[in-house]
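Asker: Sequence plus the predicted model coming up.
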Amino acid sequence: KAAGRNTHAVFGEHMDELLRRRRALESDLRFAVETRTQLETFYQPVFNATDGSICSLEALARWKHPKMGYISPDQFIPLAEDIGLINDIGALVLDNACRTLADLPGISIAINASPLELSSPGYSLRVLTTLANMNVSPERLEIEMTETATADNTIDLKRTIAMLRKAGVRFAIDDFGTGYSSFSRVQNIEVDRIKIDRSFIGEMHQSGSRAVVVAMIGMARAKGLKITAEGVETIEQRAELERLGCDDLQGFLMSRPLPRQDVAAYVSRMART
Ligand code: C2E
Ligand code: CA
Ligand code: CA
Ligand code: CA
């Protein structure tokens, strides 16, 4: 009995500690968003599979916590969604991305949009206004959304996508293949690209995963969609994806996400070689 009570006490303490830490992280994130400090945007180059040139950059949010250092977006994006900060963070990344677009003619940028952002009323207008304010053509922006975002394919989401696509903004389904009805989903939603999830790329040496990649590429081709493979980490994977007819490649093999100040130099160095 005593042991049981003890376990409970320890468990309870542990929960308190977790809760306390979460509260602290929430208020730290609020502070970061309100002051527009600590939040940075990194850019990962994406390469054309045929000629190896850089075709675009993916903008990725980074939180540089004053005490804990960089916190992964896999951690703070869900937190931001929970506490109503995701629109602000999305706006910040969009702002940064458009600034970078204005600075680097000839390149396009993809941003990630949370399902919550995409279904919030002012979204399309905010995107178009930001582009216009910085004098950037909408054709240079792509918006990545996960399959879960498209799961509740509401009238509002359809309208948002239609409006932005009409203006020239492109859309991609991110982490393609991880949802449970990927193939039917692309029938119901107007997109320009799929990004094959890196879990499939990482397992491509297994015949089962390779077959899935082949099927995804075949489907995308048939529908006239562009294909990006993400998480390319080995020379073998790159060679195989080129052979299979993937359009674009992204992964640590070519480049990690880069801080803003390194992007221009990287892009111009690549253009020269
Ligand atoms: P994602 O959209 O699938 O982004 C790709 C992630 O894969 C990035 O992680 C990138 O650093 C990582 N990656 C790229 N190449 C490789 C590789 O070769 N191997 C491996 N193992 N990983 C690779 P990151 O930057 O930590 O972002 C994680 C996720 O957080 C993103 O996944 C995205 O879902 C979300 N995220 C990031 N920035 C934003 C944002 O501004 N808004 C929203 N809503 N979500 C974001
Ligand atoms: Ca993405
Ligand atoms: Ca992805
Ligand atoms: Ca992901």
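Answerer: Nice, thanks for sending it over. Ligands and ions are numbered 1, 2, ... in the order given.
Asker: got the residues of the stretch 51-200 of the chain near ligand 1?
Answerer: Residues of the stretch 51-200 of the chain lying near ligand 1 by Cβ under 6 Å from any ligand atom: 60-61, 72-74, 77, 90, 93, 112-114, 144, 174-175, 198. Bear in mind the C-beta positions are built from the backbone N, C-alpha and C, glycine included.
Asker: Weed out the non-buried ones from those.
Answerer: 60-61, 73, 77, 90, 93, 112-114, 144, 174-175, 198 (16 or more other Cβ atoms under 10 Å).
Asker: Most widely separated two among those?
Answerer: Gly90 and Arg198 (22.4 Å; Cβ to Cβ).
Asker: The residue of the stretch 1-150 of the chain found nearest ligand 2: which element?
Answerer: Residue nearest to ligand 2 within the stretch 1-150 of the chain: Glu144 (4.2 Å; Cβ to the ion). Taking DSSP states H and E as the criterion, the element that holds Glu144 is strand 141-146.
Asker: okay, now Gly208: neighbour count?
Answerer: 10 (other Cβ atoms under 10 Å).
Asker: For the residue lying closest to Met204 once chain neighbours are set aside, what is the enclosing helix or strand?
Answerer: Spatial nearest neighbour of Met204, chain neighbours left out: Arg210 (5.0 Å); criterion: Cβ to Cβ, 6 or more residues apart in numbering. According to DSSP H and E, Arg210 maps onto helix 207-222.
Asker: That helix: which residues count as buried?
Answerer: In helix 207-222, counting by 16+ other Cβ under 10 Å, buried: 209-210, 212-213, 216-217, 219-220.
Asker: Give the next helix or strand downstream of it.
Answerer: Next in sequence after helix 207-222, counting helices and strands by DSSP H and E, comes strand 226-229.
Asker: pLDDT averaged over the one helix or strand Arg165 maps to - what is it?
Answerer: In the assignment (DSSP H and E), Arg165 maps to helix 155-167. Here helix 155-167 scores 92 as its mean pLDDT.
Asker: do the same with stretch 183-198
Answerer: 87.
Asker: Now tell me what touches that stretch from outside.
Answerer: 142, 144, 147, 150-151, 153, 158, 161-162, 165, 170-179, 213, 216-217, 219-220, 223, 225-231, 246, 250-251 (Cβ atoms under 8 Å, 6 or more residues apart in numbering).
Asker: how about it: buried residues?
Answerer: Buried, per 16+ other Cβ under 10 Å, within stretch 183-198: 185-186, 189, 191, 193-198.
Asker: what residues does stretch 107-116 touch?
Answerer: Applying Cβ under 8 Å, 6+ apart, the contact partners of stretch 107-116 are 43, 46, 54-61, 77, 81, 86-87, 90, 93-94, 97, 100-101, 123, 139-146, 148-149, 152, 172, 174, 267.
Asker: What's the PyMOL syntax to select whichever of the residues you listed are buried?
Answerer: To isolate the buried members of these in PyMOL, using 16+ other Cβ under 10 Å:
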select buried, resi 43+46+54+55+56+57+58+59+60+61+77+81+86+87+90+93+94+97+100+101+123+140+141+142+143+144+145+146+149+172+174+267
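Asker: So which of the contacts of stretch 107-116 sit within helices?
Answerer: Among those, the members falling in helices (DSSP state H) are 77, 81, 86-87, 90, 93-94, 97, 100-101, 123, 148-149, 267.
Asker: Lowest pLDDT pick from those residues?
Answerer: Ala149 (67).
Asker: what's downstream of the host helix or strand of Arg185, the next helix or strand?
Answerer: Arg185 is part of helix 182-188, with elements assigned from DSSP H and E. Sequence order places strand 193-196 as the next helix or strand after helix 182-188, per DSSP H and E.
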